[in-house]
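Chemist: Task: produce atomic coordinates for the following.
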Amino acid sequence: MTTPGANRGLLEVFRQRHLLSLIVRKEVQIRYRGSIFGWLWSYVKPLVQFVVFFVAIGVFLGLNDRVDYFPIYLLSGITVVTFFNEAFSNGTRSLVDNAALIKKIYLPREMFPIASMMIAAVNTVPQIIVVIAISLFFGWAPTFASLGAILLALVIIAVLASGLGLFFGSINVTFRDAQSFVEIIVMVAIWASPVMYEWTQVANVVPDWLFVLYRLNPITAAVELFHYGVWFPLGPDASPLPDLWMYGLIALVTSLIALVIGQLVFRRLEGRFAQDL
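Modeler: Residues are numbered from 1 along each chain as shown. Below is the predicted model of the structure:
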């Protein structure tokens, strides 16, 4: 028998997965409430991004000539970083945004950062579909390796964003400066990984030890895994990130460590939530 009010952390969240699904469904429905076209906007936005990247950056700045299938390369990287930024940012704010609910009823508080990650995942699905559809048009042929790379990239981001959301979300309850710090992190994230540029440009200008640190960034590994799954099957004149699969596994372990640390800090600070909110 479970003691009333007992919290087993993340295990309790998934034990109450029906409540979790209700929160996710409610937030997704709110996003499109009052919209005539609803989910259609989720597909229009990445398509417009593709056209903008192709014309503004690819044609005007000449990157279509320097990087094969550059719009797909760029849109793939942005898809991964957008997933991370949305999940991380919303996870950090989730406890403060749900202060009234937290103070009124008991439920696992970890549910809010985890729900934020799942909502971000749902919002990312249309963009992934658009990227894959465009890649199919250009001749993308999926393999077990490419599909495995895409899945691993998304799992890395989901776990990492959840861990950081738990960590910064719990701190943000007492110190709202955490939210500003997170805004800086998400602003830097797109430049700290090979989204707007290729990894070779980093390898050519930084010392070896710094390039190793660059590859140890879980977002770098996730972006390159997504590139490996969507962009590399098109046959661009480029090479995958060195030791990509090894660094992908390291990124997964790093993300799991972040999740454990985030849960420990969350549990340590949870007793002050109702008071500080």
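Chemist: Show me the residue at the heart of the chain, geometrically.
Modeler: residue 84 (2.1 Å; CA atoms, centre = their mean).
Chemist: my guess is it contacts residue 158, does it?
Modeler: No. Using CB atoms under 8 Å, residue 84 is not in contact with residue 158, being 9.0 Å away. All C-beta atoms are positioned from the backbone trio N, CA, C, and that covers glycine.
Chemist: before we move on, back to that, in terms of helices and strands, where is the residue nearest to the centre of the chain?
Modeler: helix 70-97 (DSSP states H and E).
Chemist: From the rest of the structure, what touches the helix or strand just after that helix?
Modeler: Next in sequence after helix 70-97, counting helices and strands by DSSP H and E, comes helix 99-104. With contact meaning CB atoms under 8 Å, 6 or more residues apart in numbering, helix 99-104 is reached by 95, 107, 109, 112, 273-274, 277.
Chemist: Which one of these sits in the busiest neighbourhood?
Modeler: Among those, the one with the most neighbours (other CB atoms under 10 Å) is residue 95, at 28 neighbours.
Chemist: other SSEs contacting the biggest helix by length in the chain?
Modeler: Taking DSSP state H as the criterion, the chain has its longest helix at helix 144-174. Counting contacts by 3 or more CB pairs under 8 Å, 6 or more residues apart in numbering; DSSP states H and E, helix 144-174 is packed against helix 70-97, helix 111-137, helix 177-189, helix 218-230, helix 244-269, helix 273-276.
Chemist: tell me the mean pLDDT over the fourth one?
Modeler: Right, the one you point to is helix 218-230. The average of the pLDDT scores along helix 218-230 is 96.
Chemist: can you give me how far that helix is from the chain middle?
Modeler: Put simply, helix 218-230 sits 12 Å off its chain's centre (CA atoms, centre = their mean, to the nearest Å).
Chemist: by how many degrees do it and helix 144-174 diverge?
Modeler: 150 degrees (axes from the mean of the first three to the mean of the last three CA atoms, to 10 degrees).
Chemist: Who are the contact partners of the residue nearest to the centre of the chain?
Modeler: So residue 84 contacts 157, 160-161, 186, 189, 219, 222 (CB under 8 Å, 6+ apart).
Chemist: So how do I select the buried members of the residues you listed in ChimeraX?
Modeler: Here is the ChimeraX command that picks out the buried ones among these, judged by 16 or more other CB atoms under 10 Å:
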select :157,160,161,186,189,219,222
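Chemist: Between which two of the contacts of residue 84 is the distance greatest?
Modeler: Based on CB to CB, the longest span within the contacts of residue 84 runs between 186 and 222 and measures 14.5 Å.
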